[in-house]
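Undergrad: coords please:
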Amino acid sequence: DSHFQLMLILVVIAPLYVFLVIPYAVVGGDASYVPRSTLFDYHIWRSDNAWREAAARQSTYLHMAFLSRVPEEAFHSLFTEVLAKICLPMVTTWTTNYPGLQ
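TA: Here you go, the predicted structure:
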């Protein structure tokens with residue numbers, strides 16, 4: 001069954017894609033803040049994580065007064081934003097048959 005094969009491929013590829021997109025998404029897509037060695041520092045719960053440091057560095061690049069992100073919380077807020085952007089279309093698609101849930 002071709003749909004089942006496609007589902008198995010997506011189950012393998014989708015988490016890998018999400019894992020690799022997080023470091024770039026938290027720095028606004030600027031690859032200069034994410035060197036290749038940074039990609040393998042996936043312990044995001046640690047305070048000295050390279051992804052967190054890159055997000056903090058990028059958030060202080062441009063000062064916009066009260067609109068600037070707090071560098072210590074930049075990773076957390078951008079990571080939450082990425083997860084919401086990934087999950088919202090899936091939830092919307094899953095609940096289209098049940099308008100009362102939307």
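Undergrad: list the contacts for residue 47?
TA: Going by CB atoms under 8 Å, 6 or more residues apart in numbering, residue 47 touches no other residue. Quick note: C-beta positions are derived from backbone N, CA and C, even for glycine.
Undergrad: on the three-state scheme, it is what?
TA: With DSSP: H, G, I helix; E, B strand; the rest coil as the basis, residue 47 sits in coil.
Undergrad: that one and residue 29, how far apart?
TA: Distance, residue 47 to residue 29, using CB to CB, to the nearest Å: 24 Å.
Undergrad: just residue 53 next, same as before
TA: 17 Å.
Undergrad: comparing those two, which residue is more hemmed in?
TA: Neighbours were counted for residue 53 and for residue 29 using other CB atoms under 10 Å; residue 53 has more, 17 against 11.
Undergrad: helix/strand/coil for that one?
TA: When classified by three-state DSSP, residue 53 comes out as helix.
Undergrad: that one: what's it in contact with?
TA: Taking CB under 8 Å, 6+ apart, one finds nothing in contact with residue 53.
Undergrad: need the pLDDT of it.
TA: Here the pLDDT value assigned to residue 53 is 88.
Undergrad: what do you get for residue 11?
TA: With respect to pLDDT, residue 11 scores 91.
Undergrad: all strands for the chain, in order.
TA: Shown for the chain, no strands are assigned by DSSP state E.
Undergrad: any stretches of it with poor pLDDT?
TA: Low-confidence segments of the chain (pLDDT under 70): 101-102.
Undergrad: which helix is the longest one in it?
TA: Across the chain, the longest stretch assigned as helix under DSSP state H is helix 2-25.
Undergrad: buried set for it?
TA: Residues of helix 2-25 classed as buried: 22-25 (neighbour count, 16 or more other CB atoms under 10 Å).
Undergrad: since that was my last question, I'll sign off now.
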